[in-house]
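S.K.: make a model of this:
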Amino acid sequence: MAANILKISQVKPVICTAAVIILSLCGAVWAQAGETADFPPEFSNSGINMKLQGVGEKSMLFIKAFEAGLYKEDGVDLEAAAKKIRVRYHVSIPGRKLSDFTIKSMLDNISKEEFNTLDREIRLMRQYFVDLEPGDTYELMYIPQIGTKFLHNGELVGIIEGERFSKALYAVWIGDKPFDKKLKKQILGVT
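M.R.: Got it, this is the predicted structure:
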């Protein structure tokens, strides 16, 4: 009888551990499903259809900062295509800090001379980066012949014309020296 009690008491921790693992996995799946709801598989703007390439997540010190998704015009090379980066934030970020970080990352991808030719565009960009709160979305959307649209929670903040500016801005995310190589692969759909 004592042997049976011992065996039952040994089984309980195993069952509890298994239950915790299963619930954790379910929670991860539910969280992932919730995240992809913010990133529908297709998007259309100005008569151009774009498809979601991939979604990635950026964490800092074990805290999820944001998820980002990249949309691209179907059937067109990435560099020339209409595209959009959509970001859902989970932390507060002052617009000034986001602007400073973006400028630093741009300088990692383009020469100082190229950067200096974008002075007017950089000044506008600084105005278009707003303070962000948890739950906010911010989008950078490039439409050829129109320019780069800056949208906060779906509302247009401003537009900056020019393909050169767009290339410099998108290089921050998907250039040769992106601010996060793992995130670049995730949003490009490269695993």
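S.K.: please report the distance of the residue most central in space within the chain from Phe39.
M.R.: Centroid-nearest residue in the chain, with C-alpha atoms, centre = their mean: Ala68, separated by 1.6 Å. In this view, Ala68 and Phe39 are 9 Å apart by C-beta to C-beta, to the nearest Å. The C-beta positions use only the backbone N, C-alpha and C, and glycine is treated the same way.
S.K.: show me the domain layout of the chain.
M.R.: Structural domains assigned to the chain are 1-37, 41-188, following automatic domain parsing.
S.K.: least confident of those domains, on average?
M.R.: By mean pLDDT, the lowest-scoring of the domains of the chain turns out to be domain 1-37, with a mean of 42.
S.K.: deepest in the core, which of the domains of the chain is it.
M.R.: domain 41-188 (a mean of 16; mean count of other C-beta atoms under 10 Å).
S.K.: and the end-to-end length of that one?
M.R.: Domain 41-188 has its terminal residues 14 Å apart, counting by C-alpha to C-alpha, to the nearest Å.
S.K.: off-centre distance for it?
M.R.: Computed by C-alpha atoms, centre = their mean, to the nearest Å, the chain-centroid distance of domain 41-188 equals 8 Å.
S.K.: just the strands in the chain please.
M.R.: 42-45, 48-60, 63-73, 83-89, 137-143, 147-152, 155-160 (DSSP state E).
S.K.: of those, which is nearest Trp173?
M.R.: Of all the strands of the chain, strand 83-89 sits nearest to Trp173, with 5.7 Å by C-beta to C-beta.
S.K.: counting contacts, what elements does the closest one pack onto?
M.R.: Counting by 3 or more C-beta pairs under 8 Å, 6 or more residues apart in numbering; DSSP states H and E, the packing neighbours recorded for strand 83-89 are strand 63-73, strand 137-143, helix 163-174.
S.K.: now that strand against strand 147-152, angle please.
M.R.: 20 degrees (axes from the mean of the first three to the mean of the last three C-alpha atoms, to 10 degrees).
S.K.: returning to what we had before: between the strands of the chain, which one is closest to Gly189.
M.R.: That would be, of those and by C-beta to C-beta, strand 48-60, which comes in at 3.5 Å.
S.K.: so what are the sheet partners of that closest one and their directions?
M.R.: Sheet pairing for strand 48-60, assigned by DSSP bridges, gives strand 42-45 (antiparallel), strand 63-73 (antiparallel).
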